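**Q** how would this look folded up:
(2 chains)
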Amino acid sequence: MEADKDNVNPTIINPSDLPSRRRSAPTAKRAGLFDALAPAYPSLADGLSSPEASSSEPSSDEEPEEIDEQEVYDLISTISDPEHPLSLGSLGVVKLEDIAILPPTSARSRISTVTVLVTPTTSACSLTTVIGLGVKVRLVNALPPRFRVDVRIKPGTSSTAGEVNKQLGDKERVAAAMENKSLVNVVNNMLATCE
Amino acid sequence: MPTHLTHLATCSPACTTRTWLSAPHPHLPILATACSDKTVRIYSLRDFRQLSTIGGGHKRSIRSCAWKGSTGSKGESVLATGSFDASAGIWRRWEDGRVSGDGRGEREGERDFTGGLAGGENGAEEEEEDEWRFAVILDGHDSEIKSLAFAPTAPLLATCSRDKSVWIWEELEGDNFETVAVLQEHGGDVKCVAWHPSEEVLASGSYDDDVRLWREDVDDWACCALLSGHEGTVWWVEFEGADGIYALGSQEELNEEQRVYVDARLKAGPRLISCSDDMTIRIWRRVPKEKPELPAGQIKTPSIWKNRDFEEEWVEEARLPQAHERPVYCVSWSRKTGRVASTGSDGKIVVYEEKWSRAAGVANGDGDGDVAMSGGGDAGPDMEDITAKKLKGSDGHKGGVTEWSVVAELENTHDVFEVNHVIWAPRADKGKRIEDEEVLVSTGDDGEVKIWTFDT
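**A** Sure, this is the predicted structure:
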């Protein structure tokens, strides 16, 4: 089995060196980013959106939650690597500095974008797509639906980045993948270590 | 910008999971919605209530569905479903509401007019469930079917798949579908297929960023045109209506340049529109190969443009003003008004209108009669000049003979969810204001199908 792995000896980050809320004061201040997003629901005020549209959503979605990069990191850093019994955080596959949250592009839009750049453990990692899929599925399931999740390969880290990026950005392919039992099992195993 | 789109209704009950696409019936006031819960829901366009569910045929999400056109349907509605399970299903239902007690038993073209049930007079949309009969399953694709479409001019069905192929099936007697072509030139998933309104020409859009056109060459179907330019997956393609040119309004009072443009458009035939992951929407036009032998006034005869040469050249005529901030998943080109609606990942619905551009259209005072009808053998700007001009203007909506502008734009149409599909449909509810009024039907990741009115 060992010989089949793309990267037999990955670099492992010491858990105490991983970013966390307690030690990363700068990220706490990022909440201010969302303070600037008021008014949160202008479309309801001017009647552009039907009342039943929002009432069909869980009430937790009625008020925008303040979500910052650290929280996104916490959601995905505990995902298990598909070939090592290690987390994506400890392998450096996901890094806090490679997560960006972009606010709505206009006052009327309510859609924010989360961009995650994934660093494969080796440039030839054939499991890059699966890792990216795990990250995408985790975030789509865990974040409120107002977030668009863009998962990409960090530029310069993979020879197949373009191909993988296109697959991960294709909602139809991702949807179909999530109806493929063997792929779902792989992803579920990766996500089993998440809280 | 004034908003002219107003929410009219949401079809109910909504699906609890993602809905992909809604197809209005060719003549009945009903919609078929393809759902990720492996069903198709039939909604009424009169009261927006669900009438029935078609299920049990597919093992995975139904990605797409398409109605067979009215001609030759003999009082029977035919719906095709395309699924992530790699198969397509054909479903049938009598439109007069009369089905035998054992609906599944009668097939193979048999029609039973004797076993009538009560309540037929209100039309198909008033019936109860379970009158949809599963007719046949079409197997052949290796992976998910993304889109399918019945040809309006022949008994042909096109399907396309992640397996990079487009299949053309010919419907024979007795629910037999024969594969007449397997087209494999695309280098990636084929996302969408659409038929030309009056010719046996099929368009397909792909994950390889290209649009291809296909038609029969002697005995074999083959690619007759490659439309390259998009810088991302092509999510949707659609032809203009056969009479799309008339959306520009009266043919009177046109200036010279406009008259030449009208001639060029009539010779080229219906245009094609495509939308993409690259967030652009582009309009493509066929380049006629020959000069007309008939006077330019002799129009409406696309047959004169049939060329011996098989390959066609299509050029990007225009790019619609960019209004989307994320991938554009669908465009719909109204056959009645010529207006285009688009939607996509950003949850917006945008409506665009084509008009004579101001630069070219101010000289209307010199109109010297009815251009379309008069035999205009006069000299004037050459057709090629117009084509060249249009091409130069293709970076946007400026510089061409016509220009596209956004006439309505609405955000958050499905709350915060992505919208997968939008299409114009005839208005059929009690609030209908004018003959031929259309509504927009949008289908979203929230499982909802919403109806919108458009006001100018």
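**Q** switch to C-alpha atoms for all contacts and neighbour counts from now on
**A** Fine.
**Q** in chain A, what spans have low per-residue confidence?
**A** Applying pLDDT under 70 to chain A picks out residues A:1-6, A:8, A:22-65, A:124-125.
**Q** max-length helix in it?
**A** helix A:128-142 (DSSP state H).
**Q** Which strands or helices does that one pack on?
**A** With contacts taken as 3 or more CA pairs under 8 Å, 6 or more residues apart in numbering or on different chains; DSSP states H and E, helix A:128-142 sits against helix A:69-77, strand A:147-153, helix A:161-168, helix A:181-191.
**Q** Recalculate using a threshold of 7 Å.
**A** Counting contacts by 3 or more CA pairs under 7 Å, 6 or more residues apart in numbering or on different chains; DSSP states H and E, helix A:128-142 is packed against strand A:147-153, helix A:161-168.
**Q** What strands line up against the first one, and which way round?
**A** Its sheet considered, strand A:147-153 pairs with strand A:112-118 (parallel) by DSSP bridges.
**Q** Could you report the neighbour count for B:Arg319?
**A** B:Arg319 is flanked by 22 other residues according to other CA atoms under 10 Å in any protein chain shown.
**Q** swap in A:Leu117?
**A** Neighbourhood size, A:Leu117 [other CA under 10 Å]: 21.
**Q** do B:Ala318 as well
**A** Counted with other CA under 10 Å, the neighbours of B:Ala318 add up to 25.
**Q** same check, this time on B:Thr402
**A** 21.
**Q** A:Glu163 too?
**A** 11.
**Q** now it: how far from B:Tyr246?
**A** 43 Å (CA to CA, to the nearest Å).
**Q** Same check on B:Val449?
**A** Distance from B:Val449 to B:Tyr246, counting by CA to CA: 31 Å.
**Q** Same drill for these two, tell me which one is more crowded.
**A** Neighbours were counted for B:Val449 and for B:Tyr246 using other CA under 10 Å; B:Val449 has more, 29 against 14.
**Q** hmm, back to that, out of the helices and strands packed on helix A:128-142, which one sits most buried?
**A** strand A:147-153 (a mean of 23; mean count of other CA atoms under 10 Å in any protein chain shown).
**Q** May I have the longest helix of chain A exported as PDB, CA atoms only?
**A** Provided in PDB are the C-alpha atoms of helix A:128-142 (Å, rounded to 0.1, in the frame of the first residue of the first chain):
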ATOM      1  CA  THR A 128      -6.000  16.300  -5.700                       C
ATOM      2  CA  THR A 129      -9.500  16.300  -7.300                       C
ATOM      3  CA  VAL A 130     -10.800  14.100  -4.400                       C
ATOM      4  CA  ILE A 131      -9.300  16.400  -1.800                       C
ATOM      5  CA  GLY A 132     -10.700  19.400  -3.500                       C
ATOM      6  CA  LEU A 133     -14.100  17.700  -3.700                       C
ATOM      7  CA  GLY A 134     -14.000  17.000   0.000                       C
ATOM      8  CA  VAL A 135     -13.200  20.600   0.800                       C
ATOM      9  CA  LYS A 136     -16.000  21.800  -1.400                       C
ATOM     10  CA  VAL A 137     -18.600  19.400  -0.100                       C
ATOM     11  CA  ARG A 138     -17.600  20.200   3.500                       C
ATOM     12  CA  LEU A 139     -18.100  23.900   3.000                       C
ATOM     13  CA  VAL A 140     -21.200  23.700   0.900                       C
ATOM     14  CA  ASN A 141     -22.800  21.600   3.600                       C
ATOM     15  CA  ALA A 142     -21.500  23.600   6.500                       C
END
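**Q** Same question for it: list its buried residues.
**A** Within helix A:128-142, the residues that count as buried by 16 or more other CA atoms under 10 Å in any protein chain shown are A:128-140.
**Q** between those residues, which is nearest B:Asn420?
**A** For these, the closest approach to B:Asn420 (CA to CA) belongs to A:Val140, at 16.9 Å.
**Q** what's that closest one in contact with, if anything?
**A** Neighbour list for A:Val140: A:Val149 [criterion: CA atoms under 7 Å, 6 or more residues apart in numbering or on different chains].
**Q** For chain A, which residue gets nearest to chain B?
**A** Of all residues in chain A, A:Arg146 sits closest to chain B, at 4.9 Å by CA to the nearest CA.
**Q** Before we move on, what's the pLDDT of the residue in the stretch 101-250 of chain B that chain A sits nearest to?
**A** Nearest residue of the stretch 101-250 of chain B to chain A (CA to the nearest CA) works out as B:Glu144 at 7.5 Å. At B:Glu144, the model reports a pLDDT of 97.
**Q** will you turn the buried residues of helix A:128-142 into CSV that also has distance to B:Trp356?
**A** Formatted as CSV, the buried residues of helix A:128-142 follow (distance: CA to CA, whole Å):
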residue, distance to B:Trp356
A:Thr128, 50
A:Thr129, 48
A:Val130, 50
A:Ile131, 51
A:Gly132, 47
A:Leu133, 47
A:Gly134, 50
A:Val135, 49
A:Lys136, 45
A:Val137, 47
A:Arg138, 49
A:Leu139, 47
A:Val140, 45
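**Q** okay, which residue is most central for chain A?
**A** The structure's chain A has its C-alpha centroid closest to A:Leu139; by CA atoms, centre = their mean the separation is 4.4 Å.
**Q** Tell me how far it lies from B:Gln184.
**A** Here A:Leu139 is placed at a distance of 35 Å from B:Gln184 (CA to CA).
**Q** got it, and B:Phe134?
**A** Distance from B:Phe134 to B:Gln184, by CA to CA: 29 Å.
**Q** circling back: okay, the helices and strands packed on helix A:128-142 in JSON lines with distance to B:Phe177 next?
**A** Below are the helices and strands packed on helix A:128-142 laid out as JSON lines (distance: least, CA to CA, whole Å):
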{"stretch": "strand A:147-153", "distance to B:Phe177": "41"}
{"stretch": "helix A:161-168", "distance to B:Phe177": "33"}
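**Q** before we move on, the earlier item: can you report how many residues neighbour the residue of chain A closest to chain B?
**A** Count around A:Arg146 with other CA under 10 Å applied: 21.
**Q** how about it, phi and psi?
**A** Per-residue torsions, A:Arg146: phi -70, psi -10 (degrees, to the nearest 10).
**Q** Touching, it and A:Ser109? I think so.
**A** No - A:Arg146 lies out of contact with A:Ser109 (CA atoms under 7 Å); the separation is 9.7 Å.
**Q** and B:Ile168, what element?
**A** strand B:166-172 (DSSP states H and E).
**Q** For the one residue in chain B that gets nearest to chain A, which non-adjacent residue is closest in space?
**A** Ranked by CA to the nearest CA, the top residue of chain B for proximity to chain A is B:Val416, at 4.9 Å. In this structure, B:Val416 finds its nearest non-sequential neighbour in A:Arg146, 4.9 Å apart by CA to CA, 6 or more residues apart in numbering or on different chains.
**Q** Checking A:Ser126 next. Helix, strand or coil?
**A** Per DSSP: H, G, I helix; E, B strand; the rest coil, the secondary structure class of A:Ser126 is coil.
**Q** give me the number of residues near it?
**A** A:Ser126, neighbours per other CA under 10 Å, totals 14.
**Q** With B:Thr456 instead?
**A** 8.
**Q** now A:Arg173
**A** Look at A:Arg173: counted by other CA under 10 Å, it has 17 neighbours.
**Q** Kindly report the same for B:Asp219.
**A** Neighbourhood size, B:Asp219 [other CA under 10 Å]: 7.
**Q** The one 5 residues further on now?
**A** Applying the criterion other CA under 10 Å, we find 20 residues in the vicinity of B:Cys224.
**Q** Regarding it, what is its secondary structure?
**A** Recorded secondary structure, B:Cys224: strand (three-state DSSP).
**Q** just to revisit the earlier point, residues contacting the residue nearest to the centre of chain A?
**A** Contacts for A:Leu139 (CA under 7 Å, 6+ apart) come out as A:Val149.
**Q** Tell me which helix or strand in chain B has the weakest average pLDDT.
**A** Of all regular secondary-structure elements in chain B, judged by mean pLDDT, DSSP states H and E, the least confident is helix B:383-392 with a mean of 47.
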